[in-house]
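Asker: quick check, what structure comes out for this input:
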Amino acid sequence: MRRSSPDALPAGDQLEDARALATRFPQQPVRPIPLATERELANFLAEVERRAYKQAVFAVRDQHLALDLVQDAMLRLAEKYAGRPREELPLLFQRILQNVIRDHYRRQKVRSAWTTLLSSLQGKDEGEERDPLDTLEVTKDLINVVMSTTREGQDSAGVQSQLKQALDAALNEARKAAKPGALEVQTGNFSLYPRYAPKGGINGWQGTAELVIEGRDMQAVSQLAGRIGTLTIARVGYGVSRELREKVEGDLAAQAIARFRAKSADYAKLFGYAGYQIREVNVGGTEPPMMVAAPMLRAKAMSAVADEALPVEAGKATIGVSVNGSVQLTR
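Answerer: Residues are numbered from 1 along each chain as shown. Reported below is the predicted structural model:
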């Protein structure tokens, strides 16, 4: 028979003590941890975006890539952990961002092992041109003529009225010849400013008005510039129209892409592979140059012969397209 400890209390006394403790220290109900709402999640992402972007830029040294990685981390947080408490979001997001950056470097390491850049396969002593830019010289087909006039007087209203009359007369003449694309007209700078005396104070007013004529019909533009008598030619510039540039760039891109594919197939055979897959390719064109303005011409005399056309010589422009990228050789 088991002997009880001398310090043990009877069963009734133990039950009494348990009830007394329960009354003295009542059990508190477990409160659920509040989860983050959609607004709290959005606010958290807005707060952490700038800091995360700086961290990613420091890690990958590429601003565009860093932005993509941060957005990827935000999407993962919103998709997988949107229902977590607000207090856990900072640590979760930091861990996700670090994993995204590590995954990027792992992919880069694998890609470097299996991918070869076409540009690196060309030796320095090869006869081929290393510049990937395919160019073509074309004749400029766009002319831009800026015509202006200057008026002076003691009264600002009078000077403004003179400028308006001269510009209205030029517009009336230009609108008769206007054709969309071939010859287009628009007003340019219109300014009025005071003229100061050597000892201070305003002693008159001076103003300038401009009219811009632009189009692909160079003969019509030059003839119109000769017919306008109230304004004088200030600047003349030439360029390449958007239509011609897009057509030439399309033809050059097709040729460059065909050469890119042919080179990829040749390199695959040289390395003993059956073919290739394009992993990345970039097609770009040269930026359209600004209108090249000719030197300012002298003002035409009011007695000049009517319909005296402006002599034009557009010159040449170079349009280029570059195609470069990377391929993965396949068995």
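
Asker: hey, let's count contacts and neighbours off CA atoms from now on
Answerer: Will do.

Asker: the stretch 151-300 of the chain: strands as residue ranges?
Answerer: Using DSSP state E, counting those that start in this stretch, the strands of the stretch 151-300 of the chain run over 184-196, 202-215, 232-239, 275-285, 292-293.

Asker: of all these, which one is nearest Arg151?
Answerer: strand 202-215 (5.4 Å; C-alpha to C-alpha).

Asker: coming back round to it: quick one: closest of the strands of the stretch 151-300 of the chain to Asp103.
Answerer: Of those, the one closest to Asp103 (C-alpha to C-alpha) turns out to be strand 275-285, at 17.8 Å.

Asker: got the CA coordinates for the closest one in CSV?
Answerer: C-alpha atoms of strand 275-285 as CSV (Å, rounded to 0.1, in the frame of the first residue of the first chain):
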residue,chain,number,x,y,z
GLY,A,275,21.5,25.2,-83.2
TYR,A,276,20.8,28.2,-80.9
GLN,A,277,18.1,30.0,-79.0
ILE,A,278,18.0,33.8,-78.8
ARG,A,279,18.1,34.8,-75.1
GLU,A,280,18.2,38.5,-75.4
VAL,A,281,18.3,40.9,-78.4
ASN,A,282,18.3,44.7,-78.6
VAL,A,283,17.3,46.7,-81.7
GLY,A,284,18.0,50.4,-81.6
GLY,A,285,18.3,53.3,-84.0
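
Asker: name the residues of that strand that are buried.
Answerer: Applying a neighbour-count criterion of 16 or more other C-alpha atoms under 10 Å, one finds 275-276, 285 buried in strand 275-285.

Asker: tell me the domain ranges of this protein?
Answerer: Structurally, the chain divides into domains by automatic domain parsing as follows: 38-114, 129-137+244-288+321-330, 140-239+290-315.

Asker: what's the first-to-last distance across the last one?
Answerer: Read it as domain 140-239+290-315. Using C-alpha to C-alpha, to the nearest Å, one end of domain 140-239+290-315 lies 6 Å from the other.

Asker: what about that domain, average pLDDT?
Answerer: The average pLDDT for domain 140-239+290-315 rounds to 83.

Asker: from the chain's centroid, how far away is it?
Answerer: How far domain 140-239+290-315 lies from its chain's middle: 34 Å, per C-alpha atoms, centre = their mean, to the nearest Å.

Asker: and stretch 263-270, by the same measure?
Answerer: Worked out by C-alpha atoms, centre = their mean, stretch 263-270 lies 35 Å from the chain centre.

Asker: before we move on, the earlier item: save the strands of the stretch 151-300 of the chain as a markdown table, and put in distance to Ala253 too.
Answerer: Listed next are the strands of the stretch 151-300 of the chain as a markdown table, based on distance: least, C-alpha to C-alpha, whole Å:
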| stretch | distance to Ala253 |
| --- | --- |
| strand 184-196 | 30 |
| strand 202-215 | 27 |
| strand 232-239 | 21 |
| strand 275-285 | 7 |
| strand 292-293 | 26 |
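
Asker: between these, which gets nearest to Thr150?
Answerer: Proximity of the strands of the stretch 151-300 of the chain to Thr150 was assessed by C-alpha to C-alpha; the nearest stretch is strand 202-215, lying at 4.6 Å.

Asker: about what we covered before: out of the strands of the stretch 151-300 of the chain, which gets nearest to Asn172?
Answerer: Closest to Asn172 of the strands of the stretch 151-300 of the chain, according to C-alpha to C-alpha: strand 184-196, at 10.6 Å.

Asker: how about that closest one: buried residues?
Answerer: 184-185, 190, 192, 194-195.

Asker: hmm, which two among those are most spread apart?
Answerer: The two members of these with the most space between them (C-alpha to C-alpha) are Glu184 and Arg195, at 34.0 Å.

Asker: wait, Arg216 touches Leu183, no?
Answerer: Yes - shown here, Arg216 and Leu183 form a contact pair, counting by C-alpha atoms under 8 Å, at 6.7 Å.

Asker: out of the buried residues of strand 184-196, who's nearest Thr135?
Answerer: Checking these against Thr135 with C-alpha to C-alpha, the nearest one is Glu184 at 29.5 Å.

Asker: what residues are up against that closest one?
Answerer: By C-alpha atoms under 8 Å, 6 or more residues apart in numbering, Glu184 lies in contact with 178, 213-215.

Asker: which strand or helix spans the residue positioned nearest the centre of the chain?
Answerer: The centre of the chain sits closest to His64, judged by C-alpha atoms, centre = their mean, with a distance of 11.4 Å. His64 is part of helix 63-80 when elements are defined by DSSP states H and E.
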